[in-house]
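Visitor: Mind folding the following:
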Amino acid sequence: MTRHGCEVVVLPEVGCCGSINHHLGQEKQALNAVRTNVTAWAASDRQKPFDAIISNTSGCGTMLKDYGFLLRSDPEYATHAARISSLARDITEFMDHIGIEGTDERKTLKVAYQSPCSMQHGQKITQEPVNLLRATGFEVVEPVGEHLCCGSAGTYNIQQPDIAKTLRQQKIESLSALSPVIIASGNIGCMTQLDQAGSDDLPCPIVHTVELLDWATGGPVPPMMIDMIATQS
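Guide: Okay, the predicted model is just below:
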């Protein structure tokens, strides 16, 4: 974002978005986290208004966009929370809006894009990540049944491990059928669910979409891809 002319502010007071507590029905803990973040962002926004509040994890971004609804009945926080939600953007949503500039060395690797449920269903963001990857030269392919969950779903993989395992296997089979060189996703939950420790059934490494976009616009090679790139060279 800095390379694209953005002034990026990271507030140390901002912590967990509260989504995991929210998924578990721990509303007191969730709303405490929400209020902490709203307080920090609102104070900074008053000093110098934000153009956007960026999340690079779609599960968190979906939660941020719900802050206004969650605190709608709180007279002290309702207005500020609504403002925060109106500013919340996924990183790919924001970069697609301002435009991305690639480097002279365009990437041509075959990338299978795994669209997180919190991205495509929660935030209605479907084409922006694909548009950005293609704009920087990647060959993007999408799996059959892309609308289906990978089994992560917040805490679902913990509470319903058997069903989550079945969903994971279905997703891996659909991704493997594409014969990708790399898999990209925009949510940590999906990445962790698919690339489970000790599992060797994933057809290739999985990285965050932004890692590929960063690399394609002058940043470093994603750590998960260093060995692969070295071998190809």
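Visitor: Return the longest helix in the protein, judged by number of residues.
Guide: helix 27-47 (DSSP state H).
Visitor: and Lys65, how many residues sit next to it?
Guide: Lys65 sits with 20 neighbouring residues when counted by other C-beta atoms under 10 Å. C-betas here are computed from N, CA, C, even on glycine.
Visitor: That one and Ala88 touch, don't they?
Guide: Yes - assessed by C-beta atoms under 8 Å, Lys65 is found in contact with Ala88 at 4.8 Å.
Visitor: Need the contact partners of the longest helix of the chain.
Guide: 9, 11, 13-19, 21-22, 50, 53, 67, 70-71, 74, 77, 80-81, 83-84, 87 (C-beta atoms under 8 Å, 6 or more residues apart in numbering).
Visitor: filter the residues you listed to the buried ones?
Guide: 14, 16-19, 21-22, 53, 67, 70-71, 77, 80-81, 83-84, 87 (16 or more other C-beta atoms under 10 Å).
Visitor: What are the contacting residues of the following helix or strand past the longest helix of the chain?
Guide: Note on helix 27-47: by DSSP states H and E, the next helix or strand toward the C-terminus is strand 53-55. By C-beta under 8 Å, 6+ apart, the surrounding residues in contact with strand 53-55 are Met1, Cys17, Trp41, Gly61, Leu64, Ile84, Leu87, Ala88, Arg89, Asp90, Ile91, Phe94.
Visitor: from those residues, which is closest to Val181?
Guide: When the contacts of strand 53-55 are compared for distance to Val181 (C-beta to C-beta), Ile91 wins out at 22.5 Å.
Visitor: residues of stretch 126-143 that come out buried?
Guide: Thr126, Glu128, Pro129, Val130, Leu132, Leu133, Ala135, Thr136, Phe138, Val140, Glu142, Pro143.
Visitor: Next step: those restricted to strands.
Guide: Within the buried residues of stretch 126-143, residues falling in strands by DSSP state E are Val140.
Visitor: picking up where we left off before, could I get the buried residue list for the longest helix of the chain?
Guide: Of the residues in helix 27-47, Ala30, Leu31, Ala33, Val34, Arg35, Asn37, Val38, Ala40, Trp41, Ala42, Ser44, Asp45 count as buried by neighbour count, 16+ other C-beta under 10 Å.
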